[in-house]
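Enquirer: Mind folding the following:
(2 chains)
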Amino acid sequence: MRSFYAAMLLGLGVSVVASTAMMPQAAFSQDAIKIGVMFPLTGPLAGQGRPERDAIKLAFDEENNVIAGRKVELLFEDSAGRPDTGLTKIKALVERDKVHLLLSELVSSIGAAVAPYVHEQKMPWISTVALASLTRGQKSPYIFRFVPSSYQYTMAAAEAAKKMGWKKVYLIGWNAPPGHEALEGLKKVFGAENIVDAMFPNVGTSDYAPYVTKMDPSKADGVFAAMWGADSSRIVQQYVEYGLSKKMPFFGIASFTSEEILGAMPPQAEGVFSAYTYCGSLDTPENKKFVQAYQSKFNALPGSYQYMGYMAAKMVIQALKDINGKAEDKEAFINALAKVQVNGPMGMASFDANRGMIGDFYTLKVEKGADGKLFNRCGDRQAQVKDPYDAFP
Amino acid sequence: MITGSSYSRWIFMALIAGVILLLVLPKILAPYYLGLAVKMMIFALFAMSLDLLIGFTGMASLGHAAYFGLSAYATGLLALKLGWNVWLALPAGLIMSGLAAVLFGLLALRTRGSYFLMITLALSQLMWGIAFGWRSLTGGDDGLPNVPRPDLGIGLSMADGVNFYYFVLLIAAIAAVLMVRIVASPFGYALRGIRESETRMLALGYNVWLYKFSIFVMAALFAGLAGVLYVYYNRFVSPDYIHVARSAEVLLMVILGGAGTLIGPAFGAAIIVLFENLISAYTERWVMLMGFIYLIVALFAPNGIAGLIRDYRDKRASS
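Expert: Predicted coordinates:
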């Protein structure tokens, strides 16, 4: 017994080493294609991360998890929405689990942290991170971005509103990179002098009254909002309460009215516009099939996050088919993926020369359906919108 | 009956075994696990620095990540934008943490107990706000990627995982020895005295404020050192480094391991890092599992793992 203290210390040390040394994630068959799937599954962004992961699962289930005769294994990790945790988990997938490619992540700070490592490791990474730098300063032949960049979706929203006759605008955006980048995008389209005011409340602001009361319908044609998740339903709620929705149209940027948020919007949100690469009610056979498959499996309507995950997976599946399932040949895979074109729920999608997403944008308008629930009506289409590299090099 | 000397002999042997284990670790572990071991050492250093405050002086800080993050930003920015090598960037990071601690110490040490906790929390969130908001300098929420690995200028590539492991091991070991020396010194005993009864120490003629101020700055310097190592390890820095969630995380490491023991928080840090990275591969409910562990520790081992072992030893010794 006298050795108890020392034995405990030693035991602790040895068990720490032993447990780290021994465990691969699970035993896999030699010839499976291994794909690392990391999303925020816990923390404030789990509400977006989990459904997107589910949609990726759905895409591979549709192939019965076999591509070109090879079994596909998806390895899941949780980034918890934190960049250092995310980077460590990506290292685990690459170095410990020896995945062939990564189909991961939507949080931009994690994207920025992971990009240099992925590039050095020459590891193909298909991300759904809207970070513009992934196809600019941090671009790499191994990094693909299947989601519009912040400039891309802001320009598309601004163009759509301009077509509706808007000339002078307000912006209310997160005091975070996407909010500030939205301002730069609006300036390019409307001109800096036509931005009546740009306000940047913090992420998670609970009361928008001080901002909403500053908006004067006689001075502008409309309001843009660059904020998402619970904040988007809160701002709409207060915009409606202050009676502004009847005087000045409201335009959400990107996935502002995504299906999972729409349920939390007040009934008066009817009439809110947005423009994005996903419109849940689009009447194409591909979209109907996608919505039906997702709904029957997960008992919820898919929104834009699910679409991005599903389509990113479809692009990967097509590229793997094109190289006959030889995922080990990373150069062949990235070359194939760069050329892939997939006709998905929203029409054709592909990658540009910098490996950013090209796809159709729709102008969405929130309306009340026959069942009394809000839905996105699909309006004008902007065909094959590319990341605006000329405007934002 | 157990004598003190036989205990110190066992502890000495365990220490030797631990050192040997740490030295040969790169031969045993695959690269990924070696990287995880580096992360464990960095957080062990961070947790030990907080233990100086909580365990030895009785000052519960909920803003310790401020010093961790500030030095990380200073070193990251200097290495990235001005190309400073580690010999300049590392001391610069430490100076940054030290200066912040001097400033914040003057403010925070006017309070004690839960007020001290709140003011350290507020000050660290202020730093977080600056890191998050000052986009032109800090990159805002996206942080600063592409920080280079340290260049020692002696032809050893730190891109190599094994070399970097030894680099971190050496620095962490020096820092750990320094901390052990601090708490074993008369100064360290005075700190314990302050923890037990400030008024009595005042009555004995100790300048209590100066003792608290000194250890506050020292703890910040060690936390800053951990921050510098972490920015070199991850090769990026983001506001997340300073966030209150990180301060809380390191506080949990200290409590889990056992405050006031130094070695306890080091193991607490290792266990939490391990959990975060191994369990999460199996279940997304790993946060809940962590919660259960905290609950069990709080109920059955309120003095942490080290306290549990100590109690067991004392019981054996007295029976």
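
Enquirer: Make sure residue A:387 is actually in contact with residue A:149.
Expert: Yes: Residue A:387 lies in contact with residue A:149 (C-beta atoms under 8 Å); the separation is 5.0 Å. To be clear about C-beta, it is placed using only N, CA and C from the backbone, and glycine gets the same treatment.

Enquirer: Between these two, which has more neighbouring residues?
Expert: Set residue A:387 next to residue A:149 and count neighbours by other C-beta atoms under 10 Å in any protein chain shown: residue A:149 wins out with 29 against 25.

Enquirer: list the residues that contact both of residue A:387 and residue A:149?
Expert: Contact criterion C-beta atoms under 8 Å, 6 or more residues apart in numbering or on different chains; residues shared by residue A:387 and residue A:149: A:132, A:135, A:356.

Enquirer: Tell me how far the second one lies from residue A:152.
Expert: The reference is to residue A:135. 9 Å (C-beta to C-beta, to the nearest Å).

Enquirer: Pull up the overlap in contacts between these two.
Expert: Residues touching both residue A:135 and residue A:152 by C-beta under 8 Å, 6+ apart: A:356, A:387.

Enquirer: These two: who's more crowded?
Expert: Remark: of residue A:135 and residue A:152, residue A:152 carries more neighbours, 28 against 24, as counted by other C-beta under 10 Å.

Enquirer: Which of the shared contacts of residue A:387 and residue A:149 lies at the shortest distance from residue B:88?
Expert: Within these, proximity to residue B:88 (C-beta to C-beta) peaks at residue A:132, which comes in at 32.5 Å.

Enquirer: Run a quick neighbour tally on the closest one.
Expert: 27.

Enquirer: can you tell me which residues contact it?
Expert: A:149-152, A:181, A:387, A:392.

Enquirer: Kindly recompute the last result at 7 Å.
Expert: Residues near residue A:132 by C-beta atoms under 7 Å, 6 or more residues apart in numbering or on different chains: A:149-151, A:181, A:392.

Enquirer: swap in residue A:346?
Expert: By C-beta under 7 Å, 6+ apart, residue A:346 lies in contact with A:277-278, A:282, A:287, A:359-360.

Enquirer: now these as CSV including distance to residue B:91, secondary structure and neighbour count?
Expert: Below are the contacts of residue A:346 laid out as CSV (distance: C-beta to C-beta, whole Å; DSSP: H, G, I helix; E, B strand; the rest coil; neighbours: other C-beta atoms under 10 Å in any protein chain shown):
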residue, distance to residue B:91, secondary structure, neighbour count
A:277, 49, coil, 27
A:278, 51, coil, 30
A:282, 59, coil, 21
A:287, 59, helix, 21
A:359, 50, strand, 26
A:360, 55, strand, 18
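
Enquirer: ok so, going back, please identify which of the shared contacts of residue A:387 and residue A:149 is nearest to chain B.
Expert: The closest of those to chain B turns out to be residue A:132 (C-beta to the nearest C-beta; 10.1 Å).

Enquirer: between the contacts of residue A:132, which is nearest residue B:58?
Expert: Ranked by distance to residue B:58 (C-beta to C-beta), the contacts of residue A:132 are led by residue A:181 at 46.8 Å.

Enquirer: burial of the closest one, as a residue count?
Expert: Residue A:181: 22 neighbours (other C-beta under 10 Å).

Enquirer: Which residue is the nearest non-sequential neighbour of it?
Expert: With C-beta to C-beta, 6 or more residues apart in numbering or on different chains as the measure, residue A:150 is the residue that lies nearest to residue A:181, at 4.1 Å, once sequence neighbours are left out.

Enquirer: Next, the contact list for the one you found, please.
Expert: The neighbours of residue A:150, taking C-beta under 7 Å, 6+ apart as the test, are A:130, A:132, A:178, A:181-182.

Enquirer: tell me the pLDDT at it?
Expert: pLDDT for residue A:150: 91.

Enquirer: and it, how far is that from chain B?
Expert: Distance, residue A:150 to chain B, by C-beta to the nearest C-beta, to the nearest Å: 11 Å.

Enquirer: separation between that residue and residue A:118?
Expert: Going from residue A:150 to residue A:118 by C-beta to C-beta gives 20 Å.

Enquirer: and what of residue A:155?
Expert: 27 Å.

Enquirer: quick one, which of the two is more surrounded?
Expert: Of the pair residue A:155 and residue A:118, residue A:155 is the one with more neighbours under other C-beta under 10 Å, namely 27 against 22.

Enquirer: I'd like the contacts of residue A:346 written out as TSV, with pLDDT and distance to residue A:67 added.
Expert: Formatted as TSV, the contacts of residue A:346 follow (pLDDT from 0 to 100; distance: C-beta to C-beta, whole Å):
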residue	pLDDT	distance to residue A:67
A:277	93	25
A:278	93	25
A:282	92	27
A:287	94	23
A:359	94	23
A:360	94	26
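
Enquirer: Looking at these, which one is closest to chain B?
Expert: Of the contacts of residue A:346, the one sitting nearest to chain B (C-beta to the nearest C-beta) turns out to be residue A:277, at 22.0 Å.

Enquirer: Identify the spatial nearest neighbour of that closest one, chain neighbours not counted.
Expert: Closest residue to residue A:277 apart from its sequence neighbours, by C-beta to C-beta, 6+ apart: residue A:359 at 4.7 Å.

Enquirer: Would you enumerate the residues in contact with that neighbour?
Expert: Neighbours of residue A:359 in contact, by C-beta under 7 Å, 6+ apart: A:277, A:346, A:349, A:385.

Enquirer: change it to 10 Å
Expert: For residue A:359, the contact set (C-beta atoms under 10 Å, 6 or more residues apart in numbering or on different chains) comprises A:146-148, A:152, A:276-278, A:307-308, A:311, A:342, A:344, A:346-350, A:382-386.

Enquirer: Show me just the buried residues among these.
Expert: Neighbour-count burial (16 or more other C-beta atoms under 10 Å in any protein chain shown) applied to those gives A:146-148, A:152, A:276-278, A:307-308, A:311, A:342, A:344, A:346-347, A:349-350, A:382, A:385-386.

Enquirer: Those in strands, which ones?
Expert: A:276, A:342, A:344, A:347, A:349-350, A:382, A:385 (DSSP state E).

Enquirer: For chain B, state which of the residues you listed is nearest.
Expert: Closest to chain B, out of all of those and judged by C-beta to the nearest C-beta, is residue A:276, at 21.5 Å.

Enquirer: which residue sits closest to residue A:295, ignoring its sequence neighbours?
Expert: In space, and not counting its chain neighbours, residue A:295 is closest to residue A:301: 6.2 Å by C-beta to C-beta, 6+ apart.

Enquirer: What's the local residue count around the nearest residue to residue B:257 once chain neighbours are set aside?
Expert: Ranked by C-beta to C-beta, 6+ apart and with sequence neighbours excluded, the top spatial neighbour of residue B:257 is residue B:268, at 2.6 Å. The tally of other residues near residue B:268 (other C-beta under 10 Å) stands at 29.

Enquirer: same check, this time on residue B:105
Expert: 21.

Enquirer: Could you report the distance from it to chain A?
Expert: Taking C-beta to the nearest C-beta, one finds residue B:105 at 27 Å from chain A.
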